[in-house]
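Trainee: Mind folding the following:
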Amino acid sequence: MDGSGQNPNWIRAIDLASLQAEGRVLFRHEGRQIALFATADGVFACNNRCPHEGYPLSEGTLGPGCVLTCNWHNWKFDLAGGANLDRGEGLRVYPLRIQDGAVWLDLTDPPAEVRRAKVMASLEGAFRDEDYERLARDLARLARLGDPVEALAAAVAWSWERLEYGWTHAYAGMADWLRLYDEMAPDAENRLICLLEPLAHLAEDCLRQPSHPFAPAARDWDEPAFLAAVEAEDEDQAAALLRGAISAGLHFADLERAFTRAALVHYADFGHSLIYVAKAGGLIAKLGPAVEAPLMLSLARSLIYATREDLIPEFAGYAEARKVWGGAEDAPCASDYAGLNVRRALALAAGHGRAEPAALYRGLLGANARNLLMLDLAHQTGVDQPMTENAGWLDVTHGITFANAVRLQCDKYPELWPEGLLQMACFAGRNDGFTDPAVDADAWRVADPDGFFAAALARVLDHGQPENIVAVHVLKTTLAARTEAEATDDADGMLLAGLNRFLHSPIRRRHVRRTMRQAMAFVELGE
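Mentor: Numbers count the residues shown, from 1 in each chain. The predicted structure is shown next:
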């Protein structure tokens, strides 16, 4: 027999008189813990475990208006409806009825779609608040109901117009985390880590940011016009052309050449522009068509607002090197770039432009791998140095992640190899100045690549880095180095040695005394 006369999920919990005498009772049934309260406003039942950290709500404080407070962290709930009154997730409450002098509970679970919608709403709240632990809990809840990858597609919808300057490392990192997500099957814990990290990074980038909407106009797609709009930093025109392409049924694959060309017109944004383009297709393919237009519009915005380093004196030789591309048919090796500044590295690469692109690529990848391995840590920790000598691990890792993007995109569009290779030379010449010839390369050699990468990925999945920007560099450098080592055979072992040293060295990010000393020196100049 049950309280409804027919629904077997109605369970007799306790005599009403006993509950009223006690005031509150903990009822256990088939693994569930349900707290029952007799109040002046009636009888109520809720999950005994606080949705924050699981502490018992039967030990909480019940205040006026049926406000239940968890005494561990002061979370407050409306006991009648379960709403969280000031932060975090809501509380599950159970329908009940009083019949034949007893309290009966309906333990029927809501439909899966209702539960999923509730979790997604909670997840959005966690995203808006950049609440890392709540994001983790809601992802775990979502995984019990279906495919948790939908959380990342939703996060794109919540974020794409809140990124004032378009793509950040959060989107690029999301592509890499999803790549790792597929590799981690069927390990549920590691797979959820691969979703938590990009969610948290994107939440940080969007925190307290208003909407920055794109102009709604649409114009017929025209690739030269798009490239001209990016060059002119005309976001409205670029967005209108993209909207026209989308309306005409074009997809990222149809527009990828235009994005790649736009990214390589300049040595732009310290390589980020091309890296982002290289990640976009995989991210769209994984998350589905709903994210395609938002991600493309945001990507165009990032190209428009990208810095253009080839316009500053250090890299001003890039345009001339592109004009004179050609010359010898043999390719310089990595050691030929050692000791060269940017202008000389550009001249060397341009003077061998008739060599096979793959051979030129291997030499430049090796040069950038050497820079990674030989980084002089004094530049990362030094105090008395000009701003131009401020350099650290994140600077030199870009030489590797950019190289990975060059190979991927220039294999698709071979006419762009000169731009990609010359920009690799910019990295090689710039970072060579930050190397220390005293670094013992042999000490960092990797004898067992498979074992090394297994350990490296374990480190990525439990990185312990307090900053999302550092964590994502650890991830993307590890995956890029693995990919390029496989593609080029890493014959001299320099690439894996560099990655090994990077993964096992401290990364200093906040330079308190150096920052103030450089600021004071700058102001003394009369600024």
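Trainee: which one is A319 nearest to, not counting chain neighbours?
Mentor: Counting by C-beta to C-beta, 6 or more residues apart in numbering, D310 is the residue found nearest to A319 once chain neighbours are left out, at 6.5 Å. No exception for glycine: its C-beta is placed from N, CA and C like everyone else's.
Trainee: Surely the one you found forms part of a helix?
Mentor: Yes: secondary structure assignment places D310 in a helix (DSSP: H, G, I helix; E, B strand; the rest coil).
Trainee: Enumerate every residue touching the residue lying closest to R261 once chain neighbours are set aside.
Mentor: The shortest distance from R261 to any non-neighbouring residue, by C-beta to C-beta, 6+ apart, is to L227 (6.1 Å). Under the criterion of C-beta atoms under 8 Å, 6 or more residues apart in numbering, the contact list for L227 reads A258, R261, A262, V265.
Trainee: so what does the helix or strand encompassing L303 touch, helix or strand wise?
Mentor: Element membership for L303, per DSSP states H and E: helix 292-304. Applying 3 or more C-beta pairs under 8 Å, 6 or more residues apart in numbering; DSSP states H and E, one finds that helix 292-304 makes contact with helix 150-159, helix 223-231, helix 235-247, helix 252-264, helix 272-287.
Trainee: re earlier: can I assume the residue nearest to A319 is in contact with A316?
Mentor: Yes: using C-beta atoms under 8 Å as the test, D310 is close enough to A316 to be in contact (7.0 Å).
Trainee: okay, these two: which has more neighbours?
Mentor: A direct count of neighbours by other C-beta atoms under 10 Å for D310 and A316 places D310 higher, at 21 against 14.
Trainee: thinking again about what came up before, centre of the chain versus the helix holding L303, how much separation?
Mentor: Averaged C-alpha coordinates place helix 292-304 at 16 Å from its chain's average position (C-alpha atoms, centre = their mean, to the nearest Å).
Trainee: what angle sits between that helix and helix 272-287?
Mentor: 170 degrees (axes from the mean of the first three to the mean of the last three C-alpha atoms, to 10 degrees).
Trainee: now the angle between helix 150-159 and helix 292-304, please.
Mentor: Taking the same axes, to 10 degrees, helix 292-304 and helix 150-159 form an angle of 50 degrees between their directions.
Trainee: CA atoms of helix 292-304 as PDB?
Mentor: Output in PDB follows, covering the C-alpha atoms of helix 292-304 (Å, rounded to 0.1, in the frame of the first residue of the first chain):
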ATOM      1  CA  GLU A 292      30.000  27.800 -36.200                       C
ATOM      2  CA  ALA A 293      28.800  31.400 -36.800                       C
ATOM      3  CA  PRO A 294      29.600  32.600 -33.300                       C
ATOM      4  CA  LEU A 295      33.100  31.200 -33.500                       C
ATOM      5  CA  MET A 296      33.800  32.600 -37.000                       C
ATOM      6  CA  LEU A 297      32.600  36.100 -36.100                       C
ATOM      7  CA  SER A 298      34.700  36.100 -32.900                       C
ATOM      8  CA  LEU A 299      37.700  34.800 -34.800                       C
ATOM      9  CA  ALA A 300      37.300  37.600 -37.400                       C
ATOM     10  CA  ARG A 301      37.200  40.100 -34.500                       C
ATOM     11  CA  SER A 302      40.500  38.700 -33.100                       C
ATOM     12  CA  LEU A 303      42.100  39.100 -36.500                       C
ATOM     13  CA  ILE A 304      41.000  42.700 -36.800                       C
END
